[in-house]
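K.L.:
here you go, sequence then predicted model.
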Amino acid sequence: MTHHTYIAVEGPIGVGKTTLARILQEELHGQVLFEVFEENPFLSDFYADRARYAFQTQIFFLLSRYRQQHETVARLLGRGPLFADYLFAKDRLFAQLNLAGDELAVYEHVHAALGEQVIAPGLVIHLRATTDVLMNRIAVRDRPYERTMSRQYIDDLRVAYERFFADYDQGPVLNVDTTELNFVADAEDRRHMIGLVRSALQDGPYQQPLPTLEASLATSGAPSGPPHRLSDLQEMHRDGQRHGQTTDLFLDYLGLTEQVGALGSQLKRLWIPRLDETLAEAEGSPELRAQFRSALRDDLTGALSSLLRIANDAGIDLEEAYVEKMAVLE
């Protein structure tokens, strides 16, 4: 815990930020910092009329979050590990979603000045879930001022969070999909969640680039910036080809089909225990499932490597193609 004594939990409304912060406090023996949002006098009016009350609501939140961060975080960190259920930087995410024009310009100016004086966490846990799951969780907790929230607003917020953390560069991020996780009532899901956090603190965050990749990109002539973009991975393979690694379109295709077959085998080992109670006892233990997931991780990595080489052979920028495809689907 010495290198990551300050952890912030983030994600869209209803994803379980506060709940996880409490669990981390209990399991990892630290202190907790909760966002103070119910004191915002404009909040209920904002949910009823977003356009009219957006600026007042956002500025109140910005100043309130800054005051809490500036006055509290340093003091609490002096006592031991700290777990917060929000990230100060995310305030800007909501502003860009709710404000425009001169109001957004004023907000950006104030946020930039205040943000320089706020301590950034050593690790951010980004919780994700589908819009339907978020709406269900919001309905279950039934806060009065959230009853008028539209599904479209929650969906816009979910997408905004995805984009925000795709470009977040102020520290490591642990991305966790909670759509099928219930770390409140399910003990195994709780252990799984804590295991991910412990692993991120010890070995580096989940879904972050490998150290060897960063070193490869440094000498490959790839564009500067975060080393985990898909275009950077393609450039790494191009650099290998420039340094003598052989590539062949047909062999890469055969490699892909081989990896897809291996993927099917690992997925079968993960799925069958869910359908058969006898096999669940034999193969459904956390230790064996962890082994299966490790093998699945290797097979997915191999399949991705083959895809990248095929895209290079065909002269296709996969990142650009993927973004264009998703835009069409949206």
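P.N.:
Looks like it arrived, so ask away.

K.L.:
only C-alpha atoms from now on, for both contacts and neighbour counts.
P.N.:
Fine.

K.L.:
any chance you could map the strands in the protein?
P.N.:
6-10, 31-33, 82-84, 123-128, 173-177 (DSSP state E).

K.L.:
most neighbours per residue, which of the ones you listed?
P.N.:
Highest mean neighbour count among the strands of the chain (mean count of other C-alpha atoms under 10 Å): strand 82-84, with a mean of 27.

K.L.:
model confidence over that one, on average?
P.N.:
Across strand 82-84, the average pLDDT comes to 95.

K.L.:
off-centre distance for that strand?
P.N.:
Centroid separation for strand 82-84 versus its chain: 17 Å, with C-alpha atoms, centre = their mean, to the nearest Å.

K.L.:
and what of stretch 129-141?
P.N.:
Its chain's C-alpha centre and that of stretch 129-141 lie 18 Å apart, by C-alpha atoms, centre = their mean.

K.L.:
for that stretch, buried residues please.
P.N.:
Across stretch 129-141, burial judged by 16 or more other C-alpha atoms under 10 Å covers 129-131, 133-135, 138.

K.L.:
got the strands of the chain as TSV, with distance to residue 99 columns?
P.N.:
Converted to TSV, those look like this (distance: least, C-alpha to C-alpha, whole Å):
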stretch	distance to residue 99
strand 6-10	21
strand 31-33	27
strand 82-84	26
strand 123-128	23
strand 173-177	26
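
K.L.:
ok, which of those comes nearest residue 71?
P.N.:
Proximity to residue 71 (C-alpha to C-alpha) singles out strand 31-33 among the strands of the chain, at 11.8 Å.

K.L.:
looking at the strands of the chain, spot the one closest to residue 70.
P.N.:
Nearest of the strands of the chain (C-alpha to C-alpha): strand 31-33, 12.4 Å.

K.L.:
okay, now the unreliable bits of the stretch 151-300 of the chain?
P.N.:
203-228, 237, 239-252, 255, 259, 262-263, 265-295 (pLDDT under 70).

K.L.:
could you list the domains of the protein?
P.N.:
Domain ranges of the chain: 6-203, 247-329, per automatic domain parsing.

K.L.:
most tightly packed of the ones you listed?
P.N.:
domain 6-203 (a mean of 17).

K.L.:
in JSON lines, list the domains of the chain along with distance to residue 233.
P.N.:
JSON lines is the format used below for those (distance: least, C-alpha to C-alpha, whole Å):
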{"stretch": "domain 6-203", "distance to residue 233": "16"}
{"stretch": "domain 247-329", "distance to residue 233": "8"}
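
K.L.:
nearest to residue 229, of these?
P.N.:
domain 247-329 (7.9 Å).

K.L.:
ok, the nearest residue to residue 96 once chain neighbours are set aside to residue 192 distance?
P.N.:
Excluding the flanking residues, the one nearest residue 96 by C-alpha to C-alpha, 6 or more residues apart in numbering is residue 104, at 7.0 Å. The gap separating residue 104 from residue 192 is 40 Å, by C-alpha to C-alpha, to the nearest Å.

K.L.:
got it, and residue 167?
P.N.:
As judged by C-alpha to C-alpha, residue 167 and residue 192 stand 26 Å apart.

K.L.:
next one: residue 67
P.N.:
Separation of residue 67 from residue 192 (C-alpha to C-alpha): 34 Å.

K.L.:
same thing with residue 171?
P.N.:
Counting by C-alpha to C-alpha, the gap from residue 171 to residue 192 is 23 Å.

K.L.:
residue 143 now?
P.N.:
Taking C-alpha to C-alpha, one finds residue 143 at 29 Å from residue 192.

K.L.:
how about low-confidence regions in the stretch 1-150 of the chain?
P.N.:
1-4, 37-38.

K.L.:
show me the helices in it, by range?
P.N.:
Using DSSP state H, counting those that start in this stretch, the helices assigned to the stretch 1-150 of the chain run over residues 17-28, 43-48, 50-68, 74-77, 91-98, 101-115, 131-141.
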